[in-house]
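**Student:** Got a predicted structure here, sequence first:
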Amino acid sequence: MADKPTKGLADVVAASTALSDIDGQAGRLFYRGYDIHDLAGRTTFEETAHLLQYGTLPTREQLSTYGEELVRGRTLGTLAEANIPEIAEKQAPMEALRTLVSLAGGDDPDKDTNDPEANLRKAARLTAQQPILVARYHAARTGATVPDPDPELSVAANFLLQITGRTPGEREVEIFDACLVLHADHTMNASTFAARVCAATLSDMHSAVVAAIGTLKGPLHGGANEQVMRTLESLDAGSVAQSVRDRLAAGEKIMGFGHRVYKTEDPRATHLRKMSQELGEASGDDTYYRMSKEMEEVVFETKGLYPNVDFYAATVYHYLGIPTDLFTPVFSVSRMSGWTAHVIEQHADNRLIRPDSEYIGERDQKWKPISER
Ligand SMILES: CC(=O)SCCNC(=O)CCNC(=O)[C@H](O)C(C)(C)COP(=O)(O)OP(=O)(O)OC[C@H]1O[C@@H](n2cnc3c(N)ncnc32)[C@H](O)[C@@H]1OP(=O)(O)O
Ligand SMILES: O=C([O-])CC(=O)C(=O)O
């Protein structure tokens, strides 16, 4: 008979990875041995994606080659292109991305192979395409003309340009770039696990990241950042503390708080809180930042819970002018770098992921023909 399951696989070690590591007690996060505090604000998203996918922080030459690959990858195949208008009309952002990434896979020149070199090329193309897909989807649904991708601009700068339609300020780009770095990878989170389960059947990288996108979408995972903003919008600035206490007393979960692994502050939240404060103050109206601080205090006092990465990311994206329903797609823009690196890692040392289950259903049932049921 199978052992009792660990609900939600808490504390179960499901894979070996050299990509990222978390110390949940100390609140520390490392990408390939580099402390996130050393990377955020000092290393670009492009360097971080290279670190995850290729295993090293790039030299100038490697960065130039990889950067060019990311710029070349900013085109979509005809399958995705042709379907953007109808998808934008009928699907919400994360559903649309799930569909569009799948369609883009249909035009990928390496789609029929899991060869390691091909996987690296696909990882770069998927990382390059994700922000473009978000921008093109957003333009199609709003009827706005999206500026063409600017090959001189980084992933972060180009994304802000294409989403907001205006040239972003230098500091905005620095902050958004650091957001992308902070969201790039996070050990065996639910979406990465989904990607690895799919990849472990020796399915292809596009299928694995489609599984990951569908998994990130949920409000207990990446979808929480959008819900944080919706909560802030639903609260009255003058009664934040009481409303949050009431919601907690009613047994509601407050999105953006709590974490399976961190028992202290999520190290990414430390950076995002500062960014939210800076952008809020610079905008001339830091109400949402101040409301967030108040929420943080009340949730800690009442439940002893800390904010996770999604909490302050919400106001940071809001102040950067990103529409609320694109917050989770933004998460996917960054996490694509980690998901693809995990697929590469899974394929390099593969075994089918197939856990057991505990049977809790009926036994010894007697079959009856339909006429007697
Ligand atoms: C990128 C990311 O995915 S970060 C996480 C994003 N998700 C969210 O912000 C959603 C809100 N948070 C949560 O739902 C959870 O904290 C999770 C999903 C992140 C972690 O879940 P788990 O480790 O399974 O913890 P679980 O949900 O069992 O919570 C443990 C206890 O804390 C409570 N709790 C956890 N998070 C919250 C919250 N945000 N608000 C209120 N109570 C909470 C639970 O109600 C539960 O209480 P109980 O023991 O009295 O029933
Ligand atoms: O690790 C997790 O469970 C969720 C998370 O914070 C992430 O994916 O960034």
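**Tutor:** Nice, I can see it. Ligands and ions are numbered 1, 2, ... in the order given.

**Student:** L79 contacts L103, correct?
**Tutor:** Yes: using Cβ atoms under 8 Å, L79 and L103 qualify as a contacting pair, with a distance of 4.4 Å. From N, CA and C alone the C-beta is placed, and that goes for glycine too.

**Student:** What segments of the stretch 1-150 of the chain are strands?
**Tutor:** Assigned by DSSP state E, counting those that start in this stretch, the stretch 1-150 of the chain shows strands spanning 20-23, 28-31, 34-35.

**Student:** How about the spatially most central residue of the chain: what's its closest non-neighbour residue?
**Tutor:** In the chain, the centroid-proximal residue (Cα atoms, centre = their mean) is F331; its distance is 3.2 Å. Nearest non-adjacent residue to F331, counting by Cβ to Cβ, 6 or more residues apart in numbering: G222, 4.3 Å away.

**Student:** you'd agree that neighbour is in a helix?
**Tutor:** No: assessed with DSSP: H, G, I helix; E, B strand; the rest coil, G222 is coil; it does not lie in a helix.

**Student:** The helix or strand where A208 lies - contacts with which helices or strands?
**Tutor:** Applying DSSP states H and E as the criterion places A208 in helix 205-216. For helix 205-216, the packing partners by 3 or more Cβ pairs under 8 Å, 6 or more residues apart in numbering; DSSP states H and E come out as helix 93-106, helix 116-142, helix 190-199, helix 327-348.

**Student:** ok so, going back, distance check, the residue nearest to the centre of the chain against L29.
**Tutor:** 15 Å (Cβ to Cβ, to the nearest Å).

**Student:** Low-confidence regions, the stretch 1-150 of the chain specifically.
**Tutor:** 1-2 (pLDDT under 70).

**Student:** on that earlier part again, what comes up buried for the helix holding A208?
**Tutor:** M205, H206, S207, A208, V209, V210, A211, A212, I213, T215, L216 (16 or more other Cβ atoms under 10 Å).

**Student:** that older thread, so which of the helices and strands packed on helix 205-216 is the most packed in?
**Tutor:** Comparing these by mean neighbour count (mean count of other Cβ atoms under 10 Å), helix 327-348 comes out on top with a mean of 26.

**Student:** so that helix versus helix 205-216, what angle?
**Tutor:** Per axes from the mean of the first three to the mean of the last three Cα atoms, to 10 degrees, the angle that helix 327-348 makes with helix 205-216 is 140 degrees.

**Student:** Helix 327-348: how far from the chain's middle?
**Tutor:** 8 Å (Cα atoms, centre = their mean, to the nearest Å).

**Student:** And for the helix holding A208, what's in contact with it?
**Tutor:** Contact partners of helix 205-216, identified using Cβ atoms under 8 Å, 6 or more residues apart in numbering, comprise 94, 97-98, 101-102, 104-105, 108, 111, 114, 119, 122-123, 126, 190-199, 221-223, 328, 331-332, 335-336, 339-340, 343.

**Student:** ok, and of those residues, which contact ligand 1?
**Tutor:** With the criterion set as Cβ under 6 Å from any ligand atom, the members of the contacts of helix 205-216 near ligand 1 are H221, G222.

**Student:** Where do the domain boundaries of this protein fall?
**Tutor:** Split into domains by automatic domain parsing, the chain comes to 32-167+180-187+197-218+326-348, 224-319.

**Student:** Between the two ends of the last one, what distance do you get?
**Tutor:** By that I understand domain 224-319. End-to-end distance for domain 224-319, by Cα to Cα, to the nearest Å: 17 Å.

**Student:** got a list of what the residue nearest to A140 when sequence neighbours are not counted touches?
**Tutor:** Computed as Cβ to Cβ, 6+ apart, the closest residue to A140 that is not its neighbour in sequence is A88, at 3.6 Å. A88 is in contact with A96, Y137, H138, A140, R141, counting by Cβ under 8 Å, 6+ apart.

**Student:** Would you reformat those as TSV and include distance to ligand 2?
**Tutor:** Listed next are these as TSV, based on distance: Cβ to the nearest ligand atom, whole Å:
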residue	distance to ligand 2
A96	21
Y137	22
H138	23
A140	28
R141	27
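
**Student:** Which one of those residues is nearest to V244?
**Tutor:** Distance to V244, by Cβ to Cβ, is smallest for H138 among the contacts of A88, at 31.2 Å.

**Student:** Surely the closest one and I163 touch.
**Tutor:** Yes: assessed by Cβ under 8 Å, H138 is found in contact with I163 at 6.1 Å.

**Student:** how about Q162, what does it touch?
**Tutor:** Counting by Cβ under 8 Å, 6+ apart, Q162 has contacts P131, I132, A135, A139, V146, P147, P149.

**Student:** Am I right that the first one is in contact with N158?
**Tutor:** Right, the one you point to is P131. Yes: using Cβ under 8 Å, P131 is in contact with N158, at 6.9 Å.

**Student:** any common contacting residues for these two?
**Tutor:** If you check P131 and N158 against Cβ under 8 Å, 6+ apart, no residue is contacted by both.

**Student:** what's the closest non-adjacent residue to the closest residue to ligand 1 within the chain?
**Tutor:** In the chain, no residue comes nearer to ligand 1 than G258, which is 2.3 Å away by Cβ to the nearest ligand atom. In this structure, G258 finds its nearest non-sequential neighbour in L305, 4.7 Å apart by Cβ to Cβ, 6+ apart.
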